[in-house]
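K.L.:
one predicted model, sequence on top.
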Amino acid sequence: ADAKPKPDASILEHYLVALTPAAKQAKAELPFAPDEEVVELAIRSNVKNTMRSILELSKPLRKQWESGDLMIEGAIYDITTGKVEFIGGPQNVGILEPTERPNSSAESNSCCRCY
């Protein structure tokens, strides 16, 4: 089982504990890769896991997303450059199939990829 933060843990500690599954997943997928590649995959996995969690844990948001009233877009902020890379919504990154969301297609989620 994944570790849980201590009761008196700081907010940073809570965030780090929450990143553990993505880091483990990335290391398992790239066991011999350089740390930079593992970190990049862990970041992307964390964004995907967060989108998945939003849809699984919030029935109101899931309902709005399914109806097309809400758009969910995964993004990665690069603190060194200030750029944001949009990686797509749940249907675009393999979390859910486009058919799981009515009125949705892979093409309907087009926007700039990096700012």
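P.N.:
Everything's here; your move.
K.L.:
which SS state does the most centrally placed residue in the chain fall under?
P.N.:
Closest to where the C-alpha atoms of the chain average out (CA atoms, centre = their mean) is V47, at 1.6 Å. Following DSSP: H, G, I helix; E, B strand; the rest coil, V47 is assigned to helix.
K.L.:
correct me, but it touches I72?
P.N.:
No: counting by CB atoms under 8 Å, V47 sits too far from I72 to count as a contact (10.6 Å). Glycine gets a C-beta too; all of them are placed from N, C-alpha and C.
K.L.:
for this protein, where's the lowest mean pLDDT among helices and strands?
P.N.:
helix 11-29 (a mean of 88; mean pLDDT, DSSP states H and E).
K.L.:
and that helix, what does it pack onto?
P.N.:
Packed against helix 11-29, as judged by 3 or more CB pairs under 8 Å, 6 or more residues apart in numbering; DSSP states H and E, are the following elements: helix 35-57.
K.L.:
got the buried residues for the helix it packs on?
P.N.:
38, 41-49, 51, 54-55 (16 or more other CB atoms under 10 Å).
K.L.:
what's the answer for stretch 16-34, then?
P.N.:
So for stretch 16-34, counting by 16+ other CB under 10 Å, buried means 22-23, 25-26.
K.L.:
for that stretch, output the C-alpha coordinates as CSV.
P.N.:
Below are the C-alpha coordinates for stretch 16-34, written out as CSV (Å, rounded to 0.1, in the frame of the first residue of the first chain):
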residue,chain,number,x,y,z
LEU,A,16,4.8,14.6,-2.5
VAL,A,17,2.9,11.6,-1.1
ALA,A,18,0.2,12.1,-3.7
LEU,A,19,2.9,11.9,-6.4
THR,A,20,4.2,8.5,-5.3
PRO,A,21,1.9,6.4,-7.5
ALA,A,22,2.9,8.3,-10.6
ALA,A,23,6.6,8.1,-9.8
LYS,A,24,6.3,4.3,-9.2
GLN,A,25,4.4,3.8,-12.4
ALA,A,26,7.0,5.8,-14.4
LYS,A,27,9.9,3.9,-12.9
ALA,A,28,8.2,0.6,-13.6
GLU,A,29,7.6,1.6,-17.2
LEU,A,30,11.2,2.9,-17.7
PRO,A,31,13.4,0.9,-15.3
PHE,A,32,16.7,1.6,-17.1
ALA,A,33,16.0,5.2,-18.3
PRO,A,34,17.8,8.2,-17.1
